[in-house]
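Undergrad: how does the following fold in three dimensions:
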Amino acid sequence: MLWLKDRGIISLANSVLNSDDLDETVAHLLVATRNDGYAQGYSECSKHVVNALKVNWDTSRSATHGADNEAALAAAKTQFNTLQLPVMDLVTVVLQSEDFVTQLREVFPDREDDDDDDDDEDLE
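TA: The predicted structure is shown next:
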């Protein structure tokens, strides 16, 4: 249990935080959020121009014209909220075992121990 406290939880957290799937999903969410914010800002600005100048403002040249940014943002949020990381699936299975700490040590081997073993081999 000491290994779990000192290294296991850190290894699990690093696996999640360094996941390519998480990086891609967060990047997609950031882009969708930015695009939706830009579209809403442009729409709001256009309304002010129309009201202030009493003209019909042509928004057809806007980069956001015709794009359903709200739907794209909703889809990105859903993708993030339902993200399944393979490492978490593996940990869920391992935690059902009676000797889950030993199995977790196999999933997340100590890098320091591996380095020590390499050093021992170099001495031979």
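Undergrad: would you map out the domains in this structure?
TA: Listed by automatic domain parsing, the domain ranges of the chain are 1-17+85-124, 20-83.
Undergrad: I'd like to know how many residues surround residue 61.
TA: Residues lying near residue 61 (other Cβ atoms under 10 Å) number 6. Glycine gets a C-beta too; all of them are placed from N, C-alpha and C.
Undergrad: could you look up the SS state of it?
TA: Three-state assignment for residue 61 (DSSP: H, G, I helix; E, B strand; the rest coil): coil.
Undergrad: and for residue 55?
TA: Look at residue 55: counting by three-state DSSP, its state is coil.
Undergrad: what are the phi and psi values at the residue lying farthest from the centre of the chain?
TA: Centroid-distance maximum for the chain: residue 54 at 44.8 Å, with Cα atoms, centre = their mean. Backbone geometry at residue 54, expressed as degrees, to the nearest 10, gives phi 50, psi 50.
Undergrad: list the contacts for it?
TA: Counting by Cβ atoms under 8 Å, 6 or more residues apart in numbering, residue 54 touches no other residue.
Undergrad: what pLDDT is listed against it?
TA: Confidence at residue 54, expressed as pLDDT, is 89.
Undergrad: for this structure, just list every one of the helices.
TA: 2-3, 9-17, 20-53, 69-81, 86-94, 100-107, 111-123 (DSSP state H).
Undergrad: got the ones you listed as CSV, with mean neighbour count columns?
TA: CSV is the format used below for the helices of the chain (neighbours: other Cβ atoms under 10 Å):
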stretch, mean neighbour count
helix 2-3, 12
helix 9-17, 14
helix 20-53, 13
helix 69-81, 14
helix 86-94, 14
helix 100-107, 15
helix 111-123, 9
